[in-house]
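Asks: Kindly return the folded structure for what I paste below:
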Amino acid sequence: MVITDTVPDMFSALIHNAKLITLAGPELAGPNEPRRGDALRTLSSIDRGYIAVDDDGRIARVEAGDPPGEVQAPKVIDARGRVVFPAFVDCHTHACWAGDRYDEFEQRLAGVSYLDILRSGGGIMATVRAVRHASEDELLELLRIRTRRMIALGTGACEIKSGYGLDTDTELKMLRAIDRLRRESPLLISPTFLGAHAIDPDQSDFVHRTINETLPAVAQAFPGITCDAYCEESAWSLEETRRLFEAARAHDLPLRVHADQFNALGMTALAVEMNAVSVDHLEATVPKDLELLARSNTFGVALPCSGFQLDDRYAPARAFLDAGGALAIASNYNPGSAPTPSLPFTIALACRKLKLSVAEALTATTHNAACLLGIQNEVGSIQPGRRANLQMWDFTDERELPYEFATPGPLWTMLNGRIVHERRDLPA
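Replies: Residues are numbered from 1 along each chain as shown. Predicted coordinates:
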C-alpha cells in the first residue's frame with residue numbers, strides 16, 4: 001500500500017465559477033497578430049472555469065471546470081457565474097491636459113463647428129494655453145485622477161499622447177509627466193509624441209521648429225517613442241505631415257496619424273505608404289483609401305465618442321472590417337471632442353453606430369488594441385503568462401456590456417494580480 005500526500009499548488013489569487021471571455025483567439029489567426037474577419041468574432045469563452053494568478057501577478061492557469069483541490073490561494077473569488085473579461089486596452093487617448101472646454105461645449109451646442117472654433121484660436125489651442133501654464137506636478141496629478149477613472153471602468157493599459165504643448169519645453173513637460181505616471185501606475189502606459197497636434201498661430205516658423213527642434217529633443221529624451229500628427233484643414237497639411245514623418249523615421253520613431261476626421265486630404269494613402277502603425281478617425285475616408293488601408297498592415301482606429309460628441313459622423317468600420325482590415329477602437333479621451341474615460345460606453349457606441357457585433361467590439365478594445373501598441377504578449381487576453389489584468393462584471397452574458405450603457409462599470413478591476421478598484425455597491 002502506497003500513501004502519497006498531495007502538495008498544494010499555491011497561487012496568490014484564484015477566481016473560480018466564472019464565465020471567462022478569454023480572447024485567446026483561434027490558433028489559425030496567429031497569437032500575436034491582429035485579428036481580422038472571422039477571427040475578430042472569436043471570443044474563446046469558457047462557460048464555467050477558473051483563473052489562477054501567480055505571485056508575480058501573472059496568469060498561471062486558465063481552465064474549464066472547478067479548480068482541483070490542490071490549487072490554493074489566500075485570495076479566492078467566487079464569481080458565481082459572472083463574466084470575467086481581460087481588462088480593456090485604450091489605444092488612443094489625450095488624457096494629459098489642464099483647463100477645461102466648457103465654453104466651447106456651449107458654442108457647439110449653439111451650432112458653431114469644431115473646425116471654426118479651432119480657426120478662431122479655441123479648441124486645441126485653448127487647452128495648449130492651459131497646459132503651458134500648468135506645472136509638471138499639476139499635470140501628473142490630473143493624470144492620476146483621470147487614469148483612476150479609466151481603471152474604474154475596466155481599462156488596464158492605455159496610450160497617452162502629448163500634443164497640448166506645441167513647443168519644445170511644454171511637450172517635454174507633458175511627456176515627463178506621462179512617464180512619471182507610467183513608472184508609478186499599475187496601468188501599462190504607452191506614451192506618444194503629438195507635437196503636430198495643431199498649428200500655433202503665434203509661431204510663424206512653427207512647423208519648421210517642431211520638425212527641427214522639438215522632434216529631435218523628444219527623440220533624444222524618449223528614444224523610440226511613437227510620433228503622431230493631426231492632418232486636417234486648419235491643422236497640419238499633407239505635405240507638412242510628410243516632412244515631419246520623414247524626419248521621425250530618421251530618428252527610428254514609429255508613426256501614427258489622425259486623419260480623415262472632417263476632410264480626406266490623402267493622408268490615409270500616405271500613412272500606408274510610410275508603413276504607419278495606425279490611421280485614427282477615418283470618419284471622412286473615401287472608399288478607395290479605406291480599401292487600401294484594409295489590405296495593408298496599418299491599423300484603422302475608430303473613435304466613435306468623437307462622433308457622439310461632435311457631429312454624429314462615424315468611421316465606416318463595418319466596410320473596413322468586411323474589406324479585411326485590422327480594426328482597433330479607442331475612447332479618444334480628451335477635453336474637447338471626446339471627454340470620456342469609458343471604453344464600455346465606446347463599445348456600446350461601436351455596436352450601435354459602427355455596426356459591429358459584440359464580439360468584434362470586444363476584440364477591437366482588447367487583443368487588437370494591444371497588438372497596435374505592441375503589448376499583446378502582456379495584456380489583451382486571458383492566457384497563461386499574460387499579466388493578470390482582469391475585470392468582473394455583474395452579469396452572466398457578455399452581451400449585456402454594450403446592451404446597457406452609462407452603467408457604474410465592473411464590480412472590480414484587477415491589474416498585475418491585485419484588485420486596484422472595487423465598487424462600493426457590490427452585490428451579495
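Asks: Quickly list the domain ranges of the protein.
Replies: Split into domains by automatic domain parsing, the chain comes to 9-86+381-422, 89-373.
Asks: How far off centre is the host helix or strand of residue 257?
Replies: Residue 257 is located in strand 256-259, with elements delineated by DSSP states H and E. Centroid separation between strand 256-259 and its chain, computed with CA atoms, centre = their mean, to the nearest Å, is 14 Å.
Asks: can you count the residues close to the nearest residue to residue 340 once chain neighbours are set aside?
Replies: Once flanking residues are discounted, residue 340 sits nearest to residue 305: 5.4 Å by CB to CB, 6 or more residues apart in numbering. The C-beta positions use only the backbone N, C-alpha and C, and glycine is treated the same way. Residues near residue 305, counting by other CB atoms under 10 Å, number 24.
Asks: So residue 305 is in contact with residue 334, correct?
Replies: No: Residue 305 lies out of contact with residue 334 (CB atoms under 8 Å); the separation is 9.2 Å.
Asks: Excluding residues flanking it in the chain, which one is nearest the residue most central in space within the chain?
Replies: With distances taken as CA atoms, centre = their mean, the residue of the chain nearest its centroid is residue 90 (1.6 Å). In this structure, residue 90 finds its nearest non-sequential neighbour in residue 158, 4.1 Å apart by CB to CB, 6+ apart.
Asks: so where's this structure shaky on pLDDT?
Replies: Within the chain, the segments meeting pLDDT under 70 span 1-7, 27-31, 426-428.
Asks: I figured residue 308 hits residue 346, correct?
Replies: No: using CB under 8 Å as the test, residue 308 is too far from residue 346 to be in contact (9.1 Å).
Asks: And those two? Which one has more around it.
Replies: A direct count of neighbours by other CB under 10 Å for residue 308 and residue 346 places residue 346 higher, at 30 against 19.
Asks: So which residues make contact with stretch 256-269?
Replies: Residues outside stretch 256-269 that contact it (CB atoms under 8 Å, 6 or more residues apart in numbering): 114-115, 192, 226-233, 237-238, 241, 245, 271, 276-286, 289-290, 292-293, 306.
Asks: what about 7 Å?
Replies: 115, 192, 226, 228-233, 238, 241, 271, 276-286, 289, 292-293 (CB atoms under 7 Å, 6 or more residues apart in numbering).
Asks: Of these, which belong to strands?
Replies: 192, 226, 228-231, 278-281 (DSSP state E).
Asks: Return the closest of those residues with respect to residue 201.
Replies: For those, the closest approach to residue 201 (CB to CB) belongs to residue 230, at 15.0 Å.
Asks: give the contact list for the closest one.
Replies: 196-198, 236, 258.
Asks: so how far is the helix or strand hosting residue 159 from its chain's centroid?
Replies: Applying DSSP H and E as the criterion places residue 159 in strand 155-161. Its chain's average C-alpha position is 5 Å from that of strand 155-161, according to CA atoms, centre = their mean.
Asks: Any buried residues in the very next helix or strand once past that strand, and which?
Replies: Remark: after strand 155-161, the chain's next helix or strand is helix 168-184, criterion DSSP H and E. Buried residues in helix 168-184, defined by neighbour count with 16 or more other CB atoms under 10 Å: 168, 170-181.
Asks: about what we covered before: what residues are up against the residue nearest to the centre of the chain?
Replies: Applying CB under 7 Å, 6+ apart, the residues near residue 90 are 150, 155, 158-159, 330-331, 343.
Asks: One more pass at 6 Å, please.
Replies: 155, 158, 330-331, 343 (CB atoms under 6 Å, 6 or more residues apart in numbering).
Asks: Just put those residues in TSV and tack on neighbour count and distance to residue 137.
Replies: Shown next, in TSV, are these (neighbours: other CB atoms under 10 Å; distance: CB to CB, whole Å):
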residue	neighbour count	distance to residue 137
155	28	24
158	28	21
330	27	27
331	31	25
343	29	28
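Asks: Kind regards, and thank you for your time.
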